[in-house]
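Novice: Here is a sequence together with a model predicted from it:
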Amino acid sequence: MTAIEIVGHRGAAGEAPENTLAGFAHARSIGVAGVEFDVRLSGDSQLVVIHDATVDRTTYSSGTVAELDAAEMAAMDARRTCPSWPEPTGIPTLSEALDIISSFEAIQFEIKSDAAERLERVAEGLVTEIRARSLERQASVTSFDPVAIELVRRIAPDLSCAFISRPTDPEAVETALRLG
């Protein structure tokens, strides 16, 4: 019999501020075995953990991730999707998030779509962090963007990767097969 693995989407979205250190700590405290979260490149070329291309939905601030510095985002209050959370929590860098989640059994890194040159920097930085922390066994890199998966496969063919698709994408199976 196969055991069911519980993976916290964006940490513990719905129970704690999504994609935040507080959310990842909460996921651990309730016994979640793994986490999924989103990775983007900030305006100062830092890998940050946030789903949207802007900070508008998750914080009480506004602006695009690609134009904001990681320090600016860290200082924001990212409780907008979970306003009852007792204390402010900002948008973390990937490194800060990994300090909390590196002991999870499964870690799903979703690379968000971006310009090709920015995706290359995300893929390189992500693979560097995964290898520096010896997370290859737990890590799976996912993306809706086939270019992101191609980049990770080229840089680190040994890493687990998954192509995510929408159910309406008629090319999904062919794309997934092409990506390996």
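Specialist: Perfect, thanks for sending it. All values reported here derive from a predicted model rather than from experimental measurement. Numbers count the residues shown, from 1 in each chain.

Novice: CA only for contacts and neighbour counts going forward, please
Specialist: OK.

Novice: And the helices in the chain, which stretches?
Specialist: Using DSSP state H, the helices of the chain run over 21-29, 70-74, 94-101, 116-132, 146-155, 172-179.

Novice: I'd like those helices as CSV, with distance to residue 161 and mean neighbour count appended.
Specialist: Formatted as CSV, the helices of the chain follow (distance: least, CA to CA, whole Å; neighbours: other CA atoms under 10 Å):
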stretch, distance to residue 161, mean neighbour count
helix 21-29, 22, 21
helix 70-74, 26, 18
helix 94-101, 18, 18
helix 116-132, 12, 17
helix 146-155, 7, 19
helix 172-179, 9, 13
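
Novice: Which of the ones you listed comes out lowest on mean pLDDT?
Specialist: Note on the helices of the chain: lowest mean pLDDT is at helix 172-179, with a mean of 91.

Novice: how far off helix 146-155 does that helix point, in degrees?
Specialist: Following axes from the mean of the first three to the mean of the last three CA atoms, to 10 degrees, one obtains 20 degrees for the angle between helix 172-179 and helix 146-155.

Novice: Helix 172-179 packs against which elements?
Specialist: Contact here means 3 or more CA pairs under 8 Å, 6 or more residues apart in numbering; DSSP states H and E; on that basis helix 172-179 packs against helix 146-155, strand 160-163.

Novice: Nearest to residue 126, out of those?
Specialist: helix 146-155 (8.7 Å; CA to CA).

Novice: now the angle from the closest one to helix 116-132?
Specialist: Going by the same axes, to 10 degrees, helix 146-155 makes 40 degrees with helix 116-132.

Novice: hmm, who's touching helix 146-155?
Specialist: The contact list for helix 146-155 (CA atoms under 8 Å, 6 or more residues apart in numbering) reads 111, 113, 116, 119-120, 123-124, 127, 141-143, 159, 161-163, 175, 179.

Novice: Confirm for me that residue 156 is in contact with residue 127.
Specialist: Yes: checked against CA atoms under 8 Å, the pair residue 156 and residue 127 is within contact range at 7.0 Å.

Novice: what number of residues lie near residue 103?
Specialist: Residue 103 is flanked by 14 other residues according to other CA atoms under 10 Å.

Novice: Quick check: which of the helices and strands packed on helix 172-179 is nearest to residue 105?
Specialist: Nearest of the helices and strands packed on helix 172-179 to residue 105, taken as CA to CA: strand 160-163 at 14.0 Å.

Novice: Quick check: closest non-adjacent residue to the residue nearest the centre of the chain.
Specialist: By CA atoms, centre = their mean, the chain has its centre lying nearest to residue 38, at 2.1 Å. Leaving aside its sequence neighbours, residue 38 sits nearest to residue 110 (CA to CA, 6 or more residues apart in numbering; 4.6 Å).
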